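Student: After the sequence you'll find the predicted model.
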Amino acid sequence: MRIIVMYTLIACMLVAGCQQERPEGATLAQSSEAGTLGKGKNVIVVVIDSMTKPVIEETMERGSLPALSFLAERGQVYHDLVAPFPSMSVSIESTLVTGASPKEHNVPGLVWYDPNGDVIVDYGSTISKYWKLGMNDTLMNTLTHLNTSHISPKVSTIYEDLKQKGRTSGSINLLVYRGDQTHRVTVPSYMKSLLHLPDKIETKGPDLLAFGQAVKPKAVQGAKLDESFYQKFGLNDSYSAEVTAKLIQENEQPDFLMVFFPNYDKDAHYHGPVSPEYFAKTDGYLQEILNAYDSWDEALRENIFVIMGDHGQDLLTDKKEKAAIELEPLLDPYSVAPLMDEPSSGDIVIANNHRSAYLYAIEPSLDFIDIADQLHQDNRIDHLAWLDGNELILYQVGTEGYLRVQEGGSLYDKYGQSWSFQGNEQIADIKVNELDGTIAYGDYPDIFHQLYGALNSHSESMVVTAKPGYTLKSEGAPVHNEGGEHGGLHKNDTITSIIVSGTEKELDERRMEALKEYFLELLDDEK
């Protein structure tokens, strides 16, 4: 019953609505400084949560992806796009819109610990954690702080860059959308009183912002959309597709539009990463966008379409008690404070990102090597990593020795990054070619850069990851046994697919960090 009550509170928050501070009656085209709408091709990026090569191929073989097949046959298909770590949507979206690693954009993951406020920041992992960490804090972190203060001011987003170029942009149902436009969320007075919310809540976004019922662009206000209680108040594929189609039909489509389809992630969590009967539903919503034009060929003449996943998912083992690695018993005799207490009242703080976690040593005499000794008890744990100055210390449970890694050196990877090592290279599953001085990654694509990015993203911490088939369990964290899970460092978590149609421009570097610049180049080529 408590979960239903808390979910209803969130629902009321969303139903409250939002006002975009654009001149009354102005259209998107009229509000653009350069008025470039309609010149050259627009770019539409559709992010499909948990889309990967295996589910694409199996669903295509069944003939159940007509829209995705149409775009793939007329474009470029890449199945080796690497996500940042941890492989959680909020940190991935932050990299996607900034073109930066967590080290630069400072959003460490879905969950992280802020020692300055002595609080665990959670952008929405489970309702039980919402309740224990404080509904008002969690809602404010998600609805406003993420896009107004958590993303580093030292990095710019694609929406801010496009504004400088005089181009219009928009975001539909993505959690990360920082831009120059102020959007004001109006909350009923009883909600302000109940949750002790400020009188005025504002967030920063692009010219056009849609986020479920909370934010509605002018073109769809009054339209009947899939935004009821049972449709997650608009935070669903149907709403994303309907809003996009309506914008196209009303000539309110911006030059650059990023759209999020969240549904398949939930299906993959419960039914497994490769669930064609559920993934096929996504194609129907993609068809709805293409059908907003007179023909699909016309849609491609007018747009460059980028259809991409944000991360993969690993299939967990069938038994819950086996799939879940309980962290607190492993850390005994060290204590972890309950979520309703101040985090620093324990010896160790856990910020659980499902198949990985950040651990913070609060007890002054506690070193990360002490925590590593505790966690080595469980062979379901994969990597343990932390920084010693500028040096990355890396262990793998079940593999002998350690690996010390430094940026800069005589060995280069395919991204042009140089490294030097000391220790057992098997820990990182890399192959070193001494003849040409190159590194080839195995099961952990871009492992060193990913870990450096995560461990430099906020306060001092160590990282623990789970081996394939397992997830990390702590208070309030979900366990999707027999289903899919992500958040880890393994290629199952971090490799996804991307399809680019309507342009000849190839995507040379297949990392999320390269996509912002690639999108900008697509628009520049279409001037």
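Tutor: Right, received. Where do you want to start? All figures in this text were calculated on a predicted structure; none of them were measured in a lab. Numbering: from 1, shown residues only.
Student: what about this structure, any weak spots by pLDDT?
Tutor: Scanning the chain for pLDDT under 70 picks out the ranges 1-39, 127-128, 130-131, 185-199, 213-216, 219-234, 526-527.
Student: Recalculate using a threshold of 80.
Tutor: 1-39, 124-139, 143, 184-202, 212-234, 526-527 (pLDDT under 80).
Student: Quick check, central residue of it?
Tutor: Compute the mean C-alpha point of the chain, and by CA atoms, centre = their mean the closest residue is Ser89, 1.6 Å away.
Student: any idea how far Asn42 is from Glu298?
Tutor: 13 Å (CB to CB, to the nearest Å). Where you see a C-beta, it was placed from the backbone N, CA and C, and this is true even at glycine.
Student: So these two - more neighbours on which side?
Tutor: Each of Glu298 and Asn42 has its neighbours counted (other CB atoms under 10 Å); Asn42 has more, 24 against 12.
Student: Was I right to think that one contacts Glu252?
Tutor: No - using CB atoms under 8 Å, Asn42 makes no contact with Glu252, being 11.6 Å away.
Student: contact partners of stretch 402-410?
Tutor: For stretch 402-410, contacts defined as CB atoms under 8 Å, 6 or more residues apart in numbering pick out 388, 390-395, 417-425, 427-428, 437, 448, 452.
Student: which of the residues you listed are buried?
Tutor: For the contacts of stretch 402-410, a burial check counting by 16 or more other CB atoms under 10 Å picks out Leu392, Ile393, Leu394, Tyr395, Gln417, Trp419, Phe421, Gly423, Ile427, Ala428, Phe448, Tyr452.
Student: Taking these, tell me the two that lie furthest apart.
Tutor: Within those, Tyr395 and Gln417 form the most distant pair, 21.6 Å apart (CB to CB).
Student: Just the buried ones among the contacts of stretch 402-410: which are in helices?
Tutor: The members of the buried ones among the contacts of stretch 402-410 that map onto helices under DSSP state H are Phe448, Tyr452.
Student: Output the buried ones among the contacts of stretch 402-410 as CSV; include the columns distance to Gly63.
Tutor: Formatted as CSV, the buried ones among the contacts of stretch 402-410 follow (distance: CB to CB, whole Å):
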residue, distance to Gly63
Leu392, 47
Ile393, 50
Leu394, 45
Tyr395, 47
Gln417, 42
Trp419, 45
Phe421, 48
Gly423, 50
Ile427, 44
Ala428, 41
Phe448, 42
Tyr452, 44
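Student: Which of the buried ones among the contacts of stretch 402-410 fall in strands?
Tutor: Leu392, Ile393, Leu394, Tyr395, Trp419, Phe421, Gly423 (DSSP state E).
Student: Show me how far the lengthiest strand in the chain is from its chain's centre.
Tutor: Criterion DSSP E: the longest strand present in the chain is strand 403-412. With CA atoms, centre = their mean, to the nearest Å as the basis, strand 403-412 stands 28 Å off its chain's centre.
Student: If we go by neighbour counts, what in it is buried?
Tutor: Neighbour-count burial for strand 403-412 flags Leu403, Val405, Gln406, Leu411 (criterion: 16+ other CB under 10 Å).
Student: Would you mind measuring from the residue nearest to the second one when sequence neighbours are not counted to Tyr264?
Tutor: This points to Val405. With CB to CB, 6 or more residues apart in numbering as the criterion, Val405 has its nearest non-adjacent residue at 4.1 Å, and that residue is Leu392. Leu392 sits 34 Å away from Tyr264, going by CB to CB.
Student: hmm, back to that, and the residue nearest to Val405, what is it in contact with?
Tutor: Applying CB under 8 Å, 6+ apart, the residues near Leu392 are Ala385, Trp386, Arg404, Val405, Gln406, Phe448, Leu451, Tyr452, Leu455.
Student: Please name the bridge partners of the third one.
Tutor: Read it as Arg404. Ile393, Gln422 (DSSP bridges).
Student: Likewise for the second one?
Tutor: Taking DSSP bridges as the rule, Trp386 bridges to Ile393, Met462.
Student: Asp332: neighbouring residues, count only.
Tutor: Asp332, neighbours per other CB under 10 Å, totals 9.
Student: contacting residues around the nearest residue to it once chain neighbours are set aside?
Tutor: Sequence neighbours aside, Gln374 is the residue nearest to Asp332 in space, at 7.8 Å (criterion: CB to CB, 6+ apart). Gln374 sits next to Leu330, Leu331, Asp332, Tyr334 when contact means CB under 8 Å, 6+ apart.
Student: Which strand or helix spans Gln374?
Tutor: Element membership for Gln374 (DSSP states H and E) is helix 368-375.
Student: relative orientation of that helix and strand 391-396 in degrees?
Tutor: 10 degrees (axes from the mean of the first three to the mean of the last three CA atoms, to 10 degrees).
Student: The stretch 151-300 of the chain: helices as residue ranges?
Tutor: Using DSSP state H, counting those that start in this stretch, the helices of the stretch 151-300 of the chain run over 158-164, 189-195, 237-249, 263-271, 276-290, 296-302.
Student: Nearest to Met140 among those would be which one?
Tutor: It is, among the helices of the stretch 151-300 of the chain and with distance given as CB to CB, helix 189-195, at 9.0 Å.
Student: so Thr52 makes contact with Asp493?
Tutor: No - using CB under 8 Å as the test, Thr52 is too far from Asp493 to be in contact (10.2 Å).
Student: what touches both of the two?
Tutor: Gly312, Gln313.
Student: which one of the two has more residues nearby?
Tutor: Higher neighbour count among Thr52 and Asp493: Asp493, with 28 against 23, using other CB under 10 Å.
Student: The residue lying farthest from the centre of the chain is in what secondary structure piece?
Tutor: Relative to the centre of the chain, the most outlying C-alpha is that of Leu435, 38.0 Å out, by CA atoms, centre = their mean. Leu435 belongs to no helix or strand when elements are defined using DSSP H and E.
Student: From the contact counts, what lies against the helix or strand hosting Leu384?
Tutor: Assigned by DSSP H and E, Leu384 falls within strand 381-388. Taking 3 or more CB pairs under 8 Å, 6 or more residues apart in numbering; DSSP states H and E as contact, the helices and strands that strand 381-388 lies on are helix 368-375, strand 391-396, helix 447-455, strand 462-466.
Student: Out of those, indicate the one that is most buried.
Tutor: strand 462-466 (a mean of 26; mean count of other CB atoms under 10 Å).
Student: Against which helices or strands is that one packed?
Tutor: strand 356-361, helix 368-375, strand 381-388, helix 447-455.
Student: Among these, which comes closest to Asn106?
Tutor: helix 447-455 (10.4 Å).
Student: one step back: would you format the helices and strands packed on strand 462-466 as CSV with distance to Lys281 included?
Tutor: Shown next, in CSV, are those (distance: least, CB to CB, whole Å):
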stretch, distance to Lys281
strand 356-361, 29
helix 368-375, 39
strand 381-388, 33
helix 447-455, 31
